[in-house]
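*Asks:* just coords:
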């Protein structure tokens, strides 16, 4: 079990995908935080004009300058947002909350993966025990067939008895084939959970189901505490908070934005005729200033974005409420499953002992000529069913215990 859990945590593809989603959320948060800081770019260009253009604007009336229809420009451009109406801060807060949601989803995915591995592992152990019981019953019927052959030779049994045993043996064979196929499917499911799809032959659960300790009494459940422990619930709550910040960012689209901007670079006028007159056709230029942008007409785009984010917020809150109800249902279901499995185990443990005694009596009666083969076969079937049901119920009990831990968010 411990080895299977270790492999699953290391190689499960879905868990790896969740980890990459967390890295993407961290990168998104860092990218938005960087938007508040100064940005420096180098911008270069080559331009051709239909008419000659002045290299630089005149700084006083009558200033001589170089002209050309071909210009080269290269500038270092600095920009930094000073005021965005809360848009940037809301987006940064939303990205941090989304990162938190991804982190909590990863935690819950790990817990859910552990439950799935444990569930399949226990079911595989129960299935293996069921196969052993089927093989034992098949062997017992084969030996009983030999006794019937001996009794037929001395005319102490009817030929019909042999036919009935052959029918029951054939039924056991098909049940055994079906059980072995289910076992192979369970092994494949376990291999997929462990991320070992290419190595199915190496996956085979080992252990003894009967050696597992029985769960203790179920303590009372604190639903509020369980909600705080569930990673998926915390992720959904963080997603609601993140959507609230996204809505605030959309509303900030109606506000003006102010940015600090600066530029420093060089202009070159190619083939300028004024160069022969001694005018410089290669000049530096720079400027520093503030820019403000106010949305006036957006054709309803900003209002539509606000309505969209409001709808998404309501949807996120509804999903959170649905998840809360689902968690309470999962806890109640797991508790009921544990109690039901315990009661079934008590009944099946007594039934198994009674079935063994009944089979012994029916065999003795048949050998003494006081019973029928039908009664022996029925007793054999009852014993087999009690054994397989006991193993399946024991696995169900441990799966329900793991299910309760998952539902409560227990580690």
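*Replies:* Okay, I see it. Keep in mind it's a predicted model, so treat the numbers as computed, not measured.
*Asks:* which regions of this protein sit below the pLDDT cut-off?
*Replies:* 155-158, 197-217, 276, 278 (pLDDT under 70).
*Asks:* Show me where it has its strands.
*Replies:* Remark: strands assigned in the chain by DSSP state E are 39-54, 67-83, 257-269, 282-293.
*Asks:* can I get those strands in TSV with distance to residue 111?
*Replies:* In short, each C-beta sits where N, CA and C put it, glycine included. Listed next are the strands of the chain as TSV, based on distance: least, C-beta to C-beta, whole Å:
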stretch	distance to residue 111
strand 39-54	42
strand 67-83	41
strand 257-269	44
strand 282-293	48
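*Asks:* how about these in CSV, adding distance to residue 359 and mean neighbour count?
*Replies:* What follows is those, written out as CSV (distance: least, C-beta to C-beta, whole Å; neighbours: other C-beta atoms under 10 Å):
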stretch, distance to residue 359, mean neighbour count
strand 39-54, 85, 11
strand 67-83, 84, 16
strand 257-269, 86, 16
strand 282-293, 89, 11
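*Asks:* Can you tell me, leaving aside adjacent residues, what's nearest to the residue most central in space within the chain?
*Replies:* Per C-alpha atoms, centre = their mean, the C-alpha nearest to the average position across the chain is that of residue 109, at 4.7 Å. Spatial nearest neighbour of residue 109, excluding adjacent residues (C-beta to C-beta, 6 or more residues apart in numbering): residue 18 at 4.7 Å.
*Asks:* burial count for that neighbour?
*Replies:* Using other C-beta atoms under 10 Å, residue 18 has 19 neighbouring residues.
*Asks:* Next: the one 10 residues further on.
*Replies:* Taking other C-beta under 10 Å as the neighbour definition, residue 28 ends up with a count of 17.
*Asks:* same deal with residue 321?
*Replies:* Per other C-beta under 10 Å, the neighbour tally for residue 321 reads 11.
*Asks:* Can you tell me how far it is from residue 165?
*Replies:* 60 Å (C-beta to C-beta, to the nearest Å).
*Asks:* thinking the residue nearest to the centre of the chain is in contact with residue 19, fair?
*Replies:* No. Assessed by C-beta atoms under 8 Å, residue 109 is found out of contact with residue 19, at 9.0 Å.
*Asks:* Run through the helices of this protein in chain order.
*Replies:* 2-11, 13-34, 87-153, 159-193, 223-229, 231-251, 301-367, 373-408 (DSSP state H).
*Asks:* okay if I get those as CSV plus distance to residue 70?
*Replies:* Putting the helices of the chain into CSV (distance: least, C-beta to C-beta, whole Å) gives the following:
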stretch, distance to residue 70
helix 2-11, 62
helix 13-34, 37
helix 87-153, 40
helix 159-193, 66
helix 223-229, 69
helix 231-251, 44
helix 301-367, 40
helix 373-408, 72
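*Asks:* closest one to residue 65 among those?
*Replies:* helix 13-34 (40.2 Å; C-beta to C-beta).
*Asks:* quick one: contacts for residue 130?
*Replies:* Residue 130 sits next to 179, 387-388, 391-392 when contact means C-beta atoms under 8 Å, 6 or more residues apart in numbering.
*Asks:* again, only this time at 7 Å
*Replies:* Contact partners of residue 130, counting by C-beta atoms under 7 Å, 6 or more residues apart in numbering, are 179, 388, 391-392.
*Asks:* Leaving out the residues flanking it, which one is nearest to it?
*Replies:* residue 388 (4.6 Å).
*Asks:* for stretch 76-89, the distance to its chain's centre please.
*Replies:* Offset of stretch 76-89 from its chain centre (C-alpha atoms, centre = their mean, to the nearest Å): 37 Å.
*Asks:* typo on my end, stretch 152-172
*Replies:* 55 Å.
*Asks:* contacting residues around that stretch?
*Replies:* 134, 137-138, 141-142, 144-145, 148, 151, 369, 373-374, 377.
*Asks:* where's residue 317 relative to residue 387, distance?
*Replies:* Separation of residue 317 from residue 387 (C-beta to C-beta) stands at 51 Å.
*Asks:* More neighbours: the two, which one.
*Replies:* Neighbour count, other C-beta under 10 Å: between residue 317 and residue 387, residue 387 has more, with 22 against 16.
*Asks:* give me every residue that touches the more buried one.
*Replies:* Counting by C-beta under 7 Å, 6+ apart, residue 387 touches 133, 352.
*Asks:* can you tell me how far it sits from residue 226?
*Replies:* Using C-beta to C-beta, residue 387 is found at 37 Å from residue 226.
*Asks:* So for residue 319, what's the nearest residue that isn't a sequence neighbour?
*Replies:* Once flanking residues are discounted, residue 319 sits nearest to residue 236: 6.2 Å by C-beta to C-beta, 6+ apart.
*Asks:* what about the one you found, how many neighbours?
*Replies:* So residue 236, with other C-beta under 10 Å, has 22 neighbours.
*Asks:* With residue 301 instead?
*Replies:* Neighbour tally, residue 301, other C-beta under 10 Å: 11.
*Asks:* what's the answer for the one 4 residues further on, then?
*Replies:* Neighbourhood size, residue 305 [other C-beta under 10 Å]: 17.
*Asks:* pretty sure it contacts residue 249?
*Replies:* No. Between residue 305 and residue 249 there is no contact under C-beta atoms under 7 Å: 9.3 Å.
*Asks:* The residue lying farthest from the centre of the chain - nearest residue in space that isn't next to it in sequence?
*Replies:* For the chain, the residue at maximal distance from the C-alpha centroid (C-alpha atoms, centre = their mean) is residue 277, at 74.9 Å. The shortest distance from residue 277 to any non-neighbouring residue, by C-beta to C-beta, 6+ apart, is to residue 64 (7.8 Å).
*Asks:* Residue 114 too?
*Replies:* Nearest to residue 114 is residue 5, by C-beta to C-beta, 6+ apart, at 6.1 Å.
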